[in-house]
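**Student:** Test case, fold it:
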Amino acid sequence: MKKIIYIGLVSTMSLMFNGCGSAPKRIDPKGDETLTTTDGVNVKDWHIAADKAIKSLLSSGVLNRNDGRKNIVMVSLVKNETTQHINTDILTNKIRRAILQSGLAMTTTAISANGMEDKATKQVRDLSKDKMFDQKTVQKNGTVIAPDMSLAGKIIQQQTTQGRDKESYFFFHITLTDLKTGLAVWEDNVEVVKQETKPLLGW
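**Tutor:** Below you'll find the model as predicted:
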């Protein structure tokens with residue numbers, strides 16, 4: 001009898017641990033099926049922050065010029081002042097792509113807060129010392145266009161706990177600076193607040 005009970009217990013536990021899983025599936029990154037955690041910035045948070053910032057920036061008119069030339073925008077530093085490890089490139093890449101696709105401005109990969117994003121711009125000019133290459137085809141120095149504007153920002157997090165309730169407040173501050181004058185020509189904030197209630201028992 002004990003053996004039967006033991007087998008039944010093992011079978012029940014096996015179903016508990018193995019029967020509640022689900023097969024991997026693809027979901028809409030902008031949909032409501034994405035995983036949400038209170039502590040960190042999740043996929044949908046990036047979309048919310050980027051979409052709001054892009055809409056505000058493109059509608060502000062600061063990228064427009066009347067001299068027939070487009071502004072060149074570089075990505076500077078986005079400081080992560082949260083307690084989490086966050087890859088801020090997710091946010092800046094979304095904004096930069098939207099700027100480029102809008103046709104209002106150009107973006108540069110020849111310079112960023114962390115140096116050259118695409119080192120090929122400099123590497124091809126180093127070929128002027130290499131006799132293997134036809135020097136007529138080597139890009140010359142003095143032709144790379146410097147940026148007119150710089151995109152920078154910071155992400156701040158504040159956490160509040162009250163009983164079993166936990167809340168995280170994420171503050172995205174983004175700035176576009178005119179590099180000629182050093183003046184901020186556009187700024188905006190995006191706020192994301194997330195809450196959870198921990199169960200009385202269990203995880």
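**Student:** Run through the protein and note the low-pLDDT ranges.
**Tutor:** 1-21, 25, 27, 29-31, 33-35, 201-203 (pLDDT under 70).
**Student:** Tell me where it has helices.
**Tutor:** Using DSSP state H, the helices of the chain run over 2-18, 43-60, 89-102, 120-123.
**Student:** what packs against the third one?
**Tutor:** When you say that, I think you mean helix 89-102. If you count contacts as 3 or more C-beta pairs under 8 Å, 6 or more residues apart in numbering; DSSP states H and E, helix 89-102 packs onto helix 43-60, strand 71-81, strand 105-107, strand 149-162. C-beta coordinates here come from the backbone N, C-alpha and C atoms, glycine included.
**Student:** what's the closest of the ones you listed to Glu191?
**Tutor:** Closest of the helices and strands packed on helix 89-102 to Glu191 is helix 43-60, at 9.1 Å (criterion: C-beta to C-beta).
**Student:** quick one, what contacts Thr108?
**Tutor:** 72-74, 145, 147 (C-beta atoms under 8 Å, 6 or more residues apart in numbering).
**Student:** could you measure the spatially closest residue to Thr121 that is not a sequence neighbour against Lys79, distance?
**Tutor:** Distances taken as C-beta to C-beta, 6 or more residues apart in numbering place Ala110 nearest to Thr121, at 4.6 Å, with adjacent residues excluded. Applying C-beta to C-beta, to the nearest Å, the value for Ala110 to Lys79 is 22 Å.
**Student:** Tell me which of these two has more neighbours.
**Tutor:** Ala110 (18 against 13; other C-beta atoms under 10 Å).
**Student:** Pull out the buried positions in stretch 42-56.
**Tutor:** 42-50, 52-54 (16 or more other C-beta atoms under 10 Å).
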